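**Q** Predicted model and sequence follow; I will ask about them next.
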Number of protein chains: 4
Amino acid sequence: MVILMEKNTPEVNVERVIERLDKEGFDVHRSTGVEHILLGVIGDTAKLDIRTMQLMEGVADAYRISAPYKLVSREFKPDNSVFTIGDVEFGGEETVVMAGPCSIESEEQIMRIAEKVAAAGARVLRGGAFKPRTSPYAFQGLGEEGLKYMRAAADKYGLLMITEVMDKDQIDLVERYTDIIQVGARNMQNFTFIRALGKTRTPIFLKRGISATFKEWLMAAEYILAGGNDKLIFCERGIRTFESYTRNTMDISAIPVMQKLSHLPVFADPSHGIGLRDKVLPMARASVAAGAHGLMVEVHDDPDKALSDGAQSLYPHQFEELMAQIRVIAGVIGRKIAEPVQL
Amino acid sequence: MVILMEKNTPEVNVERVIERLDKEGFDVHRSTGVEHILLGVIGDTAKLDIRTMQLMEGVADAYRISAPYKLVSREFKPDNSVFTIGDVEFGGEETVVMAGPCSIESEEQIMRIAEKVAAAGARVLRGGAFKPRTSPYAFQGLGEEGLKYMRAAADKYGLLMITEVMDKDQIDLVERYTDIIQVGARNMQNFTFIRALGKTRTPIFLKRGISATFKEWLMAAEYILAGGNDKLIFCERGIRTFESYTRNTMDISAIPVMQKLSHLPVFADPSHGIGLRDKVLPMARASVAAGAHGLMVEVHDDPDKALSDGAQSLYPHQFEELMAQIRVIAGVIGRKIAEPVQL
Amino acid sequence: MVILMEKNTPEVNVERVIERLDKEGFDVHRSTGVEHILLGVIGDTAKLDIRTMQLMEGVADAYRISAPYKLVSREFKPDNSVFTIGDVEFGGEETVVMAGPCSIESEEQIMRIAEKVAAAGARVLRGGAFKPRTSPYAFQGLGEEGLKYMRAAADKYGLLMITEVMDKDQIDLVERYTDIIQVGARNMQNFTFIRALGKTRTPIFLKRGISATFKEWLMAAEYILAGGNDKLIFCERGIRTFESYTRNTMDISAIPVMQKLSHLPVFADPSHGIGLRDKVLPMARASVAAGAHGLMVEVHDDPDKALSDGAQSLYPHQFEELMAQIRVIAGVIGRKIAEPVQL
Amino acid sequence: MVILMEKNTPEVNVERVIERLDKEGFDVHRSTGVEHILLGVIGDTAKLDIRTMQLMEGVADAYRISAPYKLVSREFKPDNSVFTIGDVEFGGEETVVMAGPCSIESEEQIMRIAEKVAAAGARVLRGGAFKPRTSPYAFQGLGEEGLKYMRAAADKYGLLMITEVMDKDQIDLVERYTDIIQVGARNMQNFTFIRALGKTRTPIFLKRGISATFKEWLMAAEYILAGGNDKLIFCERGIRTFESYTRNTMDISAIPVMQKLSHLPVFADPSHGIGLRDKVLPMARASVAAGAHGLMVEVHDDPDKALSDGAQSLYPHQFEELMAQIRVIAGVIGRKIAEPVQL
């Protein structure tokens, strides 16, 4: 932390600040300029409330200069984290595609869709068994039955499985079925929950909160890594802005920025990012072009009858087209995408 | 819902939309204008995904014209909800003040502060036993011990008690102590949790999510009322905007707007809304002037040593000054605030 | 500016940064901590692009620690700027009320409204002769004719006059009539225009840009003061946020914040801030309670037939009620508002 | 416009609304549902203030269902606008690249950079002669001298020229030199200025305002087309959000959305959108992948010494690399980019 004293503030104010920091165990470097006195504070300032310092008499401002997160930062670990889940490598050369319906609706539905996305080159099957809905009157998911169907579909077609856990009480149950736990945007700052996720050893897919800054997103991940779970994937899915024509504004710049700030893989979810089927393709291509380590895409073979989010789900033929396009785009920046599979 | 067809779209598209709505059980009124055909959809359209209609061929746009919430809306219940908790009336003529420290730090601390805020005219003691913190390395609260101290302090000084519950597993425990359950901004859309709160009969104090629209806030309350719990208080506490000088931008207009849209009481929390002690007084006065049904204010008798949020806590003498000021302001609009008490 | 070097960066990188700053004429203080080297940069860093430093090899981050504005800052001039225009004092004890229609529509209209607002205690007549409209197809104002009507009305009822100038070509014309020049939100960062305003000696009423940070607003004012015109009034009028129910989100906290950062008077415009008549009263009261040096309010005696912004204009009887309310509120914080006048 | 009456509102309120609309010359269709009465308003409702209707007694809400813009909308002109400037086609199959320095600094500088960007396949030379700066103390541009240098450079290397006009007084001067007039983000809603631009016949490059919605951006373009100038190009350049790590948040989704709403070409400016050189490449690739009709990129051969925005300018070798990458990406979606040129 750096503390800037007000111009011409009496020496007693400077001393009071130094004394206080000293008492709390920090070292203080004093630097006197032409107009201002600067105090450099050394030690673990993550525990210090910056506003407390800003309110002390004679303090003009205070700046945090070391990030309050450590384990997730690239400064702490300069090389990319590359890890495998099953036979799929994350954070490496491959741009990994996760695809599937918004909700698991029946055994047949998830089987049919799993076959199609596997054939096109997806490596992970996505689908929801517990649906967080803004309205208490909407479809809320199949629960454990859905997880069983989904596990069977993933196994049959050689896919990994990812599904959302909405609550810490569901962790044990869902872990029995899934390979990767998805944390939704609304839960990114549910600290009781994410602390619990730090204790599992199932990899975590952490979506960005709808109004989370990069720093807050990194801090949420820090909770999980601090618990000992270090297989974590970030996923950009759109933020809230003044523009309401699109459901959210997908922040493609989050991809290069988070890759710079952290060593962990960064994915993108254009289906939620844009919320309308006809815009999912361009945004998915854009994500790959920006260097995403992977994509999560909603695919449904009968989106008009989907019980949730049909409007943002791709038809299987659109998904195939997308896969063909992004194979070329990934190649441009030295990345690759799995080839189609003959099933 | 109103569906606007594209100019000159072939009749077959219009028929396809009508047929689909018909199948899902809606009545459709067709109205033909000079340029456009309009379809008025009648029935419970809350279950209909508006984007699905927008994507149908020939549809120019679709508009939801009835609110997806009912129980919380003023249309459903035109008169203000006025209810009592203990001996305090909420939503009525009195502007109710809740005050106390951010965190309960010790028995002595909460006793000292309770005495001071009660003397100045506060009716409810606030304080946190479980602290949601953005950093995993910061103070996390005293837990049940803190609840006991706080209950004792509230009882001794004739105050009601409000404290935050962070997780559905804590509801049973906290209910044994508190009069009102506070739901934090980060949990406003934690649907598993708020559905569980619908089943308790303890009144709920629902803070606005940091990026929640009025409609989303009303929908979250709808979850709770739909569960049967109808003693609910809204609390504005600042939203996230592009301006980062203040912690949040307190949206004072939420007070008159929510009072128009809903029959439930609307409070304001200027401490979190502004985040800096020297701005809490003006924002608290502004909230009362705008017609808030009550205030929640952080007060600490030694804010420099507070374990959390000291920077936004008022000193007791500032709180007394505030109470004197808002007594006059409330009078201007026909409201009143409790008089100081001789303890 | 403070420059934070990366942990363990080679000494050559530190030297290269120092050398570069040295060449550009800055003094550099080096401070070596446990983990990081800090460089304090002394000199007029307003001209230095912070991003250029951030991109140099070995630089972890760079922070601007002195404000890029000077003349408008309270650091530069610790006491409030208090100045008179005609017989009205701005920035002093009086909370000055400006009122009138959105647009001047006819001589009779502006006369009738001027009489009513003067009678209720307004000190300044507002009204637009040139209207910036988002639609090219809407009413664009009466032009110079309107200015003449307005000057006559102001003179007849002992009011000052304020009107908006939309373009630097209009300055000369409008100055012949008005006492105060209003700069609209959309022009706050029209630098050609505001530089021209620095050269006039007519006081300026500078509305906050719809997405302007406090710092940008202060910088825009700096342009005007740098030109030699030091009678400037800030006016908060609502910012753009994710919430679209209200036209804008009025940022009441701008009042105490700007009063802390600058010595110049800070007004509030609740009519544009909220955009709906029935919310103007609560927001106007809130602005006064937060300590505004003045208010600007739209009043129309037949708002249903107003050619612009009728929906946000108060009826004269509402304006009288507002004046009575805010007289009491202003008193609470040691301010006062002009008494009603017998005309 | 559709007007929704309140549930159970007395018939007299419905009649009063109909009567008012009738007087203003609109046709009204009445449709009675189970709960609500709906009024469909037919005629040129662009002139009707929606808030006026919302405030009438008995009105629950009002919705605008036809866009207030016409000439720019795809509904008005279903096919893409494709036009040529000099020998370059805009809005067609080619993804047109504009490149050059932020500011023209000297004759040698603009010549050197023009040669490099032309060689790499750029078709248009960009550069600023008049610089809008947030600080009154920063470099303000070379003025007409700069325009001369730039024209000479463009001519020598077979490029078109684009430069920003900041004020309507500069239009005549700049038109004598440039092929395309750039309108900066801060001027997008400077209505006096954009109305003047409608009268020129020089093509306009209209950047999105930093907090402009799609609808406001379309309305600004409508001003220009309404004046008779129909060669207009939109350019996304980043919007203001709560995230301040990046200068702006580039809204890549603006590309497919604006292409759907309008028939005019849509470009992207990743240099301003992201503001940091190392993120310009990924964002430029993302823009092309999303289907942009063109790019505007800042290139400088000595960015460390650039007088403005050096931090976001690409080195020439980075620009060449970018061109090679986006040639492949454009091909994926059936677009193409000019080949490198042997000079």
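**A** Sure thing, it's come through.

**Q** And the nearest residue to A:N248 once chain neighbours are set aside, what's its pLDDT?
**A** Nearest residue to A:N248, sequence neighbours excluded (C-beta to C-beta, 6 or more residues apart in numbering or on different chains): A:G238, at 2.9 Å. C-beta here means a position set from N, CA and C on the backbone, and glycine is covered the same way. At A:G238, the predicted lDDT confidence score is 95.

**Q** burial of A:G238, as a residue count?
**A** Neighbours of A:G238 under the rule other C-beta atoms under 10 Å in any protein chain shown: 26.

**Q** contacting residues for it?
**A** When contacts are counted by C-beta atoms under 8 Å, 6 or more residues apart in numbering or on different chains, A:G238 touches A:210, A:246-251, A:269, A:272-275.

**Q** Rebuild these as CSV, extending it with neighbour count and secondary structure.
**A** Formatted as CSV, the contacts of A:G238 follow (neighbours: other C-beta atoms under 10 Å in any protein chain shown; DSSP: H, G, I helix; E, B strand; the rest coil):
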residue, neighbour count, secondary structure
A:I210, 23, coil
A:T246, 21, coil
A:R247, 20, coil
A:N248, 21, coil
A:T249, 25, strand
A:M250, 28, coil
A:D251, 26, coil
A:D269, 29, coil
A:H272, 24, helix
A:G273, 31, helix
A:I274, 27, helix
A:G275, 21, coil
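
**Q** The helix or strand of chain A at the bottom of the mean pLDDT ranking to strand C:27-32, inter-axis angle?
**A** Ranking every helix and strand in chain A by mean pLDDT, DSSP states H and E puts strand A:27-32 at the bottom, with a mean of 78. Strand A:27-32 runs at 170 degrees relative to strand C:27-32, counting by axes from the mean of the first three to the mean of the last three C-alpha atoms, to 10 degrees.

**Q** For strand A:27-32, which helices and strands make contact with it?
**A** Strand A:27-32 sits against helix A:11-23, strand A:37-42, strand C:27-32, strand C:37-42, with contacts defined as 3 or more C-beta pairs under 8 Å, 6 or more residues apart in numbering or on different chains; DSSP states H and E.

**Q** That strand pairs with which strands, parallel or anti?
**A** strand A:37-42 (antiparallel) (DSSP bridges).

**Q** So which residues make contact with the partner strand?
**A** A:1-5, A:9, A:14, A:17-18, A:21, A:26-32, A:48, C:2, C:29, C:31, C:33-35, C:38, C:40, C:65.

**Q** Quick one: name whatever helix or strand follows it.
**A** For strand A:37-42, the succeeding helix or strand toward the C-terminus, using DSSP states H and E, is helix A:50-54.

**Q** what about that next one, distance to the chain center?
**A** Averaging C-alpha positions (C-alpha atoms, centre = their mean, to the nearest Å) puts helix A:50-54 30 Å from its chain's average.

**Q** Taking helix A:11-23 as reference, get the angle to the following helix or strand past that helix.
**A** Once the chain leaves helix A:50-54, the next helix or strand it forms, by DSSP H and E, is strand A:59-63. Strand A:59-63 and helix A:11-23 are oriented at 30 degrees to each other (the same axes, to 10 degrees).

**Q** right, is strand A:59-63 up against chain C?
**A** Yes: among the residues of strand A:59-63, A:60-61, A:63 lie within reach of chain C under C-beta under 8 Å from any C-beta of the partner chain.

**Q** Send me that strand as CSV with only the CA atoms.
**A** Written as CSV, here are the backbone C-alpha positions of strand A:59-63 (Å, rounded to 0.1, in the frame of the first residue of the first chain):
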residue,chain,number,x,y,z
VAL,A,59,-4.1,11.5,4.3
ALA,A,60,-4.9,12.6,0.8
ASP,A,61,-5.3,9.1,-0.6
ALA,A,62,-4.2,5.5,-0.3
TYR,A,63,-3.5,2.9,-3.1
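
**Q** buried set for the helix or strand just after that strand?
**A** Where DSSP H and E defines the elements, the next helix or strand beyond strand A:59-63 is strand A:83-85. In terms of neighbour count (16 or more other C-beta atoms under 10 Å in any protein chain shown), strand A:83-85 has its buried residues at A:83, A:85.

**Q** Quick check: neighbours of strand A:83-85 in the sheet, parallel or antiparallel?
**A** With DSSP bridges as the test, strand A:83-85 is paired with strand A:88-90 (antiparallel).

**Q** How about residues contacting the strand it pairs with?
**A** If you take C-beta under 8 Å, 6+ apart as the criterion, strand A:88-90 is touched by A:82-84, A:94, A:96, A:123-124, A:160, A:203, A:231, A:233, A:265, A:293-294.

**Q** got the buried residues for it?
**A** Neighbour count says strand A:88-90 has A:88-90 buried, by 16+ other C-beta under 10 Å.

**Q** can I get those residues in CSV with pLDDT?
**A** Listed next are the buried residues of strand A:88-90 as CSV, based on pLDDT from 0 to 100:
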residue, pLDDT
A:V88, 98
A:E89, 98
A:F90, 98
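
**Q** Helices along chain A, start to end?
**A** Ranges of helices in chain A, per DSSP state H, are A:11-23, A:50-54, A:107-120, A:144-156, A:171-175, A:191-199, A:214-226, A:254-261, A:270-274, A:277-289, A:316-332.

**Q** is the last one anywhere near chain B?
**A** No: no part of helix A:316-332 sits near chain B under the criterion C-beta under 8 Å from any C-beta; the closest distance found is 12.7 Å.

**Q** interface residues of the stretch 51-200 of chain A facing chain C?
**A** Proximity of the stretch 51-200 of chain A to chain C, by C-beta under 8 Å from any C-beta, involves residues A:60-61, A:63, A:65-66, A:75.

**Q** So which of those residues is surrounded by the most neighbours?
**A** A:S66 (21 neighbours).

**Q** neighbours around the nearest residue to A:G228 once chain neighbours are set aside, how many?
**A** Spatially, and ignoring its direct neighbours in sequence, A:G228 is nearest to A:G198 (6.2 Å; C-beta to C-beta, 6+ apart). Neighbour count for A:G198, taken as other C-beta under 10 Å: 19.

**Q** For the least confident helix or strand of chain A, give me every contacting residue.
**A** Under the criterion C-beta under 8 Å, 6+ apart, residues A:14, A:18, A:21-22, A:37-43, C:29, C:31, C:33-34, C:38, C:40 lie in contact with strand A:27-32.

**Q** just the buried members of those?
**A** For the contacts of strand A:27-32, a burial check counting by 16+ other C-beta under 10 Å picks out A:14, A:18, A:21, A:37-43, C:29, C:31, C:33, C:38, C:40.

**Q** Among those residues, which pair sits farthest apart?
**A** Taking C-beta to C-beta, the two most distant members of these are A:G43 and C:H29; they sit 20.4 Å apart.

**Q** Any stretches of the stretch 1-150 of chain A with poor pLDDT?
**A** A:33-35, A:66, A:132-139 (pLDDT under 70).

**Q** What residues does the stretch 201-343 of chain A have near chain B?
**A** Contact residues, the stretch 201-343 of chain A versus chain B (C-beta under 8 Å from any C-beta): A:210-211, A:216, A:219, A:222-223, A:226, A:240, A:275-278, A:304, A:308-312.

**Q** Quick check: residues of chain A near chain D?
**A** By C-beta under 8 Å from any C-beta, the residues of chain A that approach chain D are A:211, A:213-215, A:239, A:241-246, A:249-253, A:255-257, A:260, A:273-274, A:278-279, A:282-283, A:285-291, A:325, A:328-329, A:331-333.
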